[in-house]
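# Predicted structure and sequence below. I'll ask about it afterward.
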Amino acid sequence: MPVCTDPATLDGLAWLGCYLTTGKHLAFYGSFGTVLLLLAVTAPTALLFGFGGAIAARARVLPVRWLGRAYIAIVRGVPDIAFFLFFVIALDQGIEWVRHQALCPDWTLPVRQGSDFVVCAAAKMPSSNAPQWVHEVYGFAIAVVTFAIVFGAFAANVLHGAMMAVPRAQIETAEAYGMSRAQAFRRIVVPQMWVYALPGLSNLWMVLIKATPLLFLLGIEDVVYWARELGGTKTPQFTDYPHGDWRMWYFLALLVFYLGLTRVSEIALDRLMARLTFGQAVAR
């Protein structure tokens, strides 16, 4: 805005209005959308991982059953922050190593050089000359996969228990009427298991919401990153609007945002539960 050209001439509400509409603040406001996008993409992806893990955990083939139960046990047994910090690095280096083997077959130097991981320039992911948005999308995609694997393991445990909670007599009745095991699973188990799974999945959704600040640890400029940067004491080299330590106010805004998001989620989940249990006799 033209009025914001010279911050030194501003004071009061005019100063505050110009301060809150700087480019960095617009990025801060956009980071709330990043959190919502992460939730919108991660939730169904984690549910897909969880469904696959739950099916594997109850498979008749022993190695598949072991694999499903190992996935649930290992990921659930490792602290989230440790898994996030490890898996992001491991996945990134794994992708670059595969590209390195495919694109640079004549490379003679070892990839592991002490504590350094060195691949040819063509194998870098993304490449150093890629636009900034490519780097941001790549980092976001890595974060989604990491979140999905972690919370997919918890979802798998919930869904496995829900599948086991469907009365066995109903499955046996379906098989007696000529349904195969797969048909009984699709037509009897899957439609009914959501009633048993939803309470656990609801809690998991709340935990996922509270885990989104971990994006900050993955190098993504999320709400926590901008709240810390904008709220701290700044010098004119960072902004034309220097101020004292305002982090309390920025993190208060995050508190209000997360409380509002969880409240909206509670209302939506209660309505979904009421719809799923409509016409069913459930224990109260």
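Received the coordinates, thanks.
# If I look at the residue most central in space within the chain, what pLDDT would I see?
With distances taken as Cα atoms, centre = their mean, residue 147 lies nearest the centre of the chain, 3.9 Å away. We have a pLDDT of 88 for residue 147.
# Next up, phi/psi of it, please.
Dihedral pair for residue 147: phi -60, psi -40, per degrees, to the nearest 10.
# Check the spacing between the nearest residue to it once chain neighbours are set aside and residue 207 real quick.
Nearest residue to residue 147 in three dimensions, chain neighbours excluded: residue 42, at 4.5 Å (Cβ to Cβ, 6 or more residues apart in numbering). From N, CA and C alone the C-beta is placed, and that goes for glycine too. Distance, residue 42 to residue 207, using Cβ to Cβ, to the nearest Å: 12 Å.
# gap between the residue nearest to residue 147 and residue 135?
From residue 42 to residue 135 the distance is 20 Å (Cβ to Cβ).
# again, but for residue 93
16 Å.
# before we move on, what about residue 117?
Look at residue 117 and residue 135: by Cβ to Cβ, they are 18 Å apart.
# For the stretch 1-150 of the chain, just list every one of the strands.
112-113, 116-117 (DSSP state E, counting those that start in this stretch).
# Can you tell me the strand partners of the last one and which way each runs?
Sheet pairing of strand 116-117 (DSSP bridges) gives strand 112-113 (antiparallel).
# picking that back up, quick one: the residue nearest to the centre of the chain and residue 44 touch, right?
No: look at residue 147 against residue 44 with Cβ atoms under 8 Å: they stay out of range, at 11.7 Å.
# Please work out how many residues are found near residue 202.
18 (other Cβ atoms under 10 Å).
# Confirm that it sits in a strand.
No: under the criterion used here (DSSP: H, G, I helix; E, B strand; the rest coil), residue 202 is helix, not part of a strand.
# now residue 107: how far from residue 205?
Taking Cβ to Cβ, one finds residue 107 at 45 Å from residue 205.
# The two - which one has more neighbours?
Per other Cβ under 10 Å, whichever of residue 107 and residue 205 has more neighbours is residue 205, with 22 against 15.
# Give me the distance from the strand or helix carrying the more buried one to the chain's centre.
Secondary structure from DSSP states H and E places residue 205 in helix 190-211. In this view, helix 190-211 has its centroid 15 Å away from the chain centroid, taken as Cα atoms, centre = their mean, to the nearest Å.
# Just after it, pick out the following helix or strand.
helix 223-231.
# how about low-confidence regions in the protein?
Scanning the chain for pLDDT under 70 picks out the ranges 1-2, 5-10, 234-239, 278-284.
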